[in-house]
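Visitor: Just the structure for this:
(one chain, ligands or ions: 2)
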Amino acid sequence: MHTVNLSNVSPDARAACAEIARKADVNLRDCYQCGKCSAGCPMSEDMDLPPRQVIRKLQLGLLDEALSASSPWLCAQCQVCSVRCPQGIDITGIMREVRRASKAAGKRSLPESDVFEDLFLKKVKKKGRSNEQYLAASYNMSSGHLMQDMGSAPKMLSKGLVGVKAQSVRDIDAVRKIFEKCEEGRDA
Ligand code: SF4
Ligand code: SF4
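Guide: Ligands and ions are numbered 1, 2, ... in the order given. A predicted model of the protein is given here:
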């Protein structure tokens, strides 16, 4: 059995865990560790801390362990955990906020995931959609995986699955307003 010495947990760590929960609009005391979230999570097999354990770390004030986990960076934000939770806890939001806090603390256990997310959002903000060919090229350049998936590019181009010209949605201003609203909510 893994023993945790809670007398070593600092008030600052507890406060930071509470702040992560506040931003996700979650009361950590609502979780009674039933595990339904982890049981339904399609990514949990590959996670070092399944969603139930991420919540547990926050409940105990074990900030470093939560922020160092790879699982928030693997989370697909699919919402299955949140839908399954008998307590109505927004675990998806918790994973999102742990990821943000992890990034702010410079921990990013899966930097490629962070690079991809930033590029994806930047491109959607600019064009209203992601143009996979440019997203893939930018990702390869930024992540250092220069040739990743490049082998399939000629075939995809020849079959018209991707094009050279970047596509944009008609009402790009509406998309930018959505981004502005999200950014306002994030800073609140
Ligand atoms: S399903 Fe809800 S109550 Fe159960 S462990 Fe997950 S977060 Fe906690
Ligand atoms: S939102 Fe994330 S943690 Fe929740 S079920 Fe989906 S992948 Fe798993």
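Visitor: domain ranges for the chain?
Guide: For the chain, the structural domains run 6-104, 111-187, going by automatic domain parsing.
Visitor: any idea of the mean pLDDT in the longest one?
Guide: Confidence for domain 6-104, expressed as mean pLDDT, is 96.
Visitor: now swap in the shortest one and tell me
Guide: Averaging pLDDT along domain 111-187 yields 88.
Visitor: can you tell me if it touches ligand 2.
Guide: No - Domain 111-187 does not reach ligand 2 (Cβ under 6 Å from any ligand atom); its nearest approach is 12.2 Å. Glycine gets a C-beta too; all of them are placed from N, C-alpha and C.
Visitor: helices or strands next to the helix or strand harbouring E184 in the packing?
Guide: Here E184, judged by DSSP states H and E, is contained in helix 172-187. Contact analysis of helix 172-187 by 3 or more Cβ pairs under 8 Å, 6 or more residues apart in numbering; DSSP states H and E lists helix 111-127 as its packing neighbours.
Visitor: So which elements touch the helix it packs on?
Guide: helix 71-74, helix 132-143, helix 172-187.
Visitor: Return the residues in contact with the nearest residue to R29 once chain neighbours are set aside.
Guide: Nearest non-adjacent residue to R29, counting by Cβ to Cβ, 6 or more residues apart in numbering: Q59, 7.6 Å away. Q59 makes contacts with 17, 28-29, 31, as judged by Cβ atoms under 8 Å, 6 or more residues apart in numbering.
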